[in-house]
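Undergrad: below: sequence and its predicted model.
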Amino acid sequence: MIRVLLVDDQELIRAGLRGILRTRFGFEIVGECADGRDVPAAVARLKPDIVLMDVRMPVVDGVAATAALRRSDNAPPVLMLTTFDDDEALAGALHAGASGFLLKGVPADDLQRAVRAVADGGAWLDPLVTGRVLSAYRRTPPTVRAEAAVSALTPREREILTLIGRGLTNGEIAAALVVGEGTIKTHIGRVFAKLHLRDRAAAIVFAFDHGLVTPEPR
């Protein structure tokens, strides 16, 4: 059972998410917050596996709440809910440490897959958001971008980065390459170090930005 904390200032949105993330589908809604300021305390108390968080909230938005979470130990991953007009927030959420981006109103199956992937240590970029995330990534200063070229990677590391870019978890990558999950974790650590990447979401963006993975239409 995947333990989910819902964070959105609109009760109607939270009700819709509750309807999709039901127990019979393998999810448990352990708590809800209407504002980002309540997230750190809720996470500490409820110990969710994942936080499903709206970008825009009236007092403390999802970007600030995500950044606050990433400063704490053993913080759960954050899957960010966004809309078509949140381009500026996308850049902030990426650098705050969000593990995925999903458009509000996506089909229920997509939402469930995204929550499972991120809770399992993966990352998720909605195909309709990917291009905008890449644009936001390219506009950021060089100090926060990976300066090392793809050529710095070994063939195996490049292969693993490509699979990360396609959204595979460590376990799925290990199965695809027929190696142990510990070996995959070691390779990923080296990839992150060589490319100066902070987290898996940044690795996915890097893979798209350098042509290892190409966006596909829904």
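TA: That came in fine, so what should we check first?
Undergrad: what residue spans form the domains of this structure?
TA: 2-139, 145-209 (automatic domain parsing).
Undergrad: would you map the helices across the chain?
TA: With helices called from DSSP state H, the chain shows them at 11-20, 39-46, 62-70, 87-96, 108-119, 127-139, 155-165, 170-177, 181-195, 200-209.
Undergrad: surely residue 52 meets residue 3?
TA: No: assessed by C-beta atoms under 8 Å, residue 52 is found out of contact with residue 3, at 11.1 Å. For glycine as for every other residue, the C-beta is placed from the backbone atoms N, C-alpha and C.
Undergrad: the residue nearest to residue 63 when sequence neighbours are not counted: neighbouring residues, count only.
TA: Nearest residue to residue 63, sequence neighbours excluded (C-beta to C-beta, 6 or more residues apart in numbering): residue 92, at 4.0 Å. Applying other C-beta atoms under 10 Å, we find 20 residues neighbouring residue 92.
Undergrad: also the one 10 residues further on?
TA: Residue crowding around residue 102 was assessed by other C-beta under 10 Å; the count is 22.
Undergrad: contacting residues for it?
TA: With contacts taken as C-beta atoms under 8 Å, 6 or more residues apart in numbering, residue 102 has the following neighbours: 79-82, 110-111, 114, 124, 126, 129.
Undergrad: tell me the most packed of the residues you listed, by neighbour count.
TA: Neighbour tally across these (other C-beta under 10 Å): the maximum, 30 neighbours, falls on residue 80.
Undergrad: now it. Nearest residue, chain neighbours left out?
TA: Nearest one to residue 80, counting by C-beta to C-beta, 6+ apart, is residue 98 at 4.5 Å.
Undergrad: isn't that neighbour right up against residue 81?
TA: No: counting by C-beta under 8 Å, residue 98 stays clear of residue 81, with 10.2 Å between them.
Undergrad: now list whatever residues contact both of the two.
TA: Shared contacts of residue 98 and residue 81, defined by C-beta under 8 Å, 6+ apart, comprise 53, 62.
Undergrad: where does residue 149 land on pLDDT?
TA: According to the prediction, residue 149 has pLDDT 62.
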